[in-house]
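Enquirer: Turn this into a model:
(chains A, B, C and D)
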There are 2 protein chains.
Amino acid sequence: MARPRSFDEDRVLHELRDRFWDAGYSATSLQDLMRISGLGKGSLYAAYGDKHSLFLRTLRTYVTEGNEGLRATLESEPRAVDALRKVLLSPVNPGAERGCFLANSTCELATQHADVRAEARQAYETMTELITACVAKAQQEGDLPADQDAKEFARSLLAAQQGVLYMGRTGMDLDMLRSVANDLADRLLPR
Amino acid sequence: MARPRSFDEDRVLHELRDRFWDAGYSATSLQDLMRISGLGKGSLYAAYGDKHSLFLRTLRTYVTEGNEGLRATLESEPRAVDALRKVLLSPVNPGAERGCFLANSTCELATQHADVRAEARQAYETMTELITACVAKAQQEGDLPADQDAKEFARSLLAAQQGVLYMGRTGMDLDMLRSVANDLADRLLPR
DNA sequence: GTTGTTGTTGACCGATTGGTCCAGAAATGT
DNA sequence: ACATTTCTGGACCAATCGGTCAACAACAAC
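Expert: Down below sits the predicted model:
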């Protein structure tokens, strides 16, 4: 009969994701992963496959959870336009300097790893769809012009948000980052 | 008497920068650098110092040249507002998928390498100053409201531009990227 | 207690890593 | 031609890399 695993796979996955996030994929060694998880190589390989498979899994987990968060944000306000504003302001948080794990990984690896590029592409298409639906709702509520292309505007909002995220990554202080996010929100969304 | 170097240090620096840009810092080995430059280790170490020093030098060269390009763009139009639009559109180019070497490196390394973070911070402060001067000029020319904070607006423009740059990095196709850049330009700048 | 199955550890592997150092080569002045 | 100085290549180094695999442990059914 099977012996159950003696560790929480999801909890370990999150701990390992944090290491990939902070150090990057290439600068994270199996030694690091073993130390952080408390597991031996055999256990890591059995549970997650090789290093790259493990990394992709942490990335997918991050994207899945991120999209859940995005959905929650987009549904968090009575008026859709307020939710869109919240999306733009979302990079302003105490963890701003870490940036976005997906963005960090895409910047580091997109040229040499088609699978990472594919993950990013799919993730941003999904986010674009989610934001597009919210834009359409704001249009229906009369807060955004009904004649503009919802998807095109969604892409612009996403690009602006990713710019704010990156500014956070560069170490811009939080007050300044908030000002930038608010300024962009004021210019892109009605008040 | 001193024997002169038998290779062009600047040309080699550019070739090595391209490798760091495409593969990232950590995934680039001395073996790679030797193969690309055609030099032995002794020559690389003598000319550029260790791997990290070489990397920082490629980054600084990139920033210096980038700022020259930014200055040129900001002075390339009779009206300053048109130059600002050009800055927003600058990520739309055949090399869009490579993204920005500074951004890639910052995303990969900022958490673990304070010197890279410091380079990024300084670089973006310089870019912000350059764009602020251009915004002020556009205000003088009556194309932008005179009562808005030039530097704050410059930061927003830079954030938006960095967002477009990153969208390029994710592999968004060029026509779509151009649409996003144009849309943001239309919304942030008068036409 | 025994048996069967799965989990775990870490030795082992070949390869690669970043960096040092020295012998020989090349450039240049005398 | 010789002497001096710097450049160059690559041997050498200890350490680390990602991954495999076998011995032992643990779990569970009988």
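
Enquirer: measure the closest residue to DNA strand D within chain A to chain B for me?
Expert: DNA strand D sits closest to A:Ser29 of chain A, with a gap of 2.8 Å, by C-beta to the nearest atom of the strand. C-beta here means a position set from N, CA and C on the backbone, and glycine is covered the same way. A:Ser29 sits 10 Å away from chain B, going by C-beta to the nearest C-beta, to the nearest Å.

Enquirer: Can you show me the helices along chain A?
Expert: Taking DSSP state H as the test, the helices found in chain A are A:9-23, A:30-37, A:41-48, A:51-74, A:80-89, A:101-109, A:114-140, A:150-169, A:174-188.

Enquirer: contacting residues for the closest residue to chain B within chain A?
Expert: Closest approach of chain A to chain B (C-beta to the nearest C-beta) occurs at A:Gly163, with a separation of 2.9 Å. Going by C-beta atoms under 8 Å, 6 or more residues apart in numbering or on different chains, A:Gly163 touches A:184, B:158-164, B:166.

Enquirer: and the gap between the nearest residue to A:Leu70 once chain neighbours are set aside and A:Ala80?
Expert: Closest residue in space to A:Leu70, ignoring its immediate chain neighbours: A:Leu130 at 5.6 Å, by C-beta to C-beta, 6 or more residues apart in numbering or on different chains. Distance, A:Leu130 to A:Ala80, using C-beta to C-beta, to the nearest Å: 12 Å.

Enquirer: what does A:Leu33 give?
Expert: 42 Å.

Enquirer: For chain A, which residues are neighbours of DNA strand C?
Expert: With the criterion set to C-beta under 7 Å from any atom of the strand, chain A comes near DNA strand C through A:1-7, A:38-43, A:45-47.

Enquirer: Pull the number of nearby residues for A:Thr28.
Expert: Residue neighbour count, defined by other C-beta atoms under 10 Å in any protein chain shown, stands at 20 for A:Thr28.

Enquirer: so who does the closest residue to A:Pro145 other than its chain neighbours touch?
Expert: Nearest residue to A:Pro145, sequence neighbours excluded (C-beta to C-beta, 6+ apart): A:Gln139, at 7.1 Å. Residues near A:Gln139 by C-beta under 8 Å, 6+ apart: A:145-146, A:148, A:150.

Enquirer: try A:Ser156
Expert: Contacts of A:Ser156 (C-beta under 8 Å, 6+ apart): A:188, B:180, B:183-184, B:187.

Enquirer: measure the residue nearest to A:Val63 when sequence neighbours are not counted to DNA strand C for me?
Expert: Excluding the flanking residues, the one nearest A:Val63 by C-beta to C-beta, 6+ apart is A:Ala123, at 4.6 Å. Using C-beta to the nearest atom of the strand, to the nearest Å, A:Ala123 is found at 30 Å from DNA strand C.
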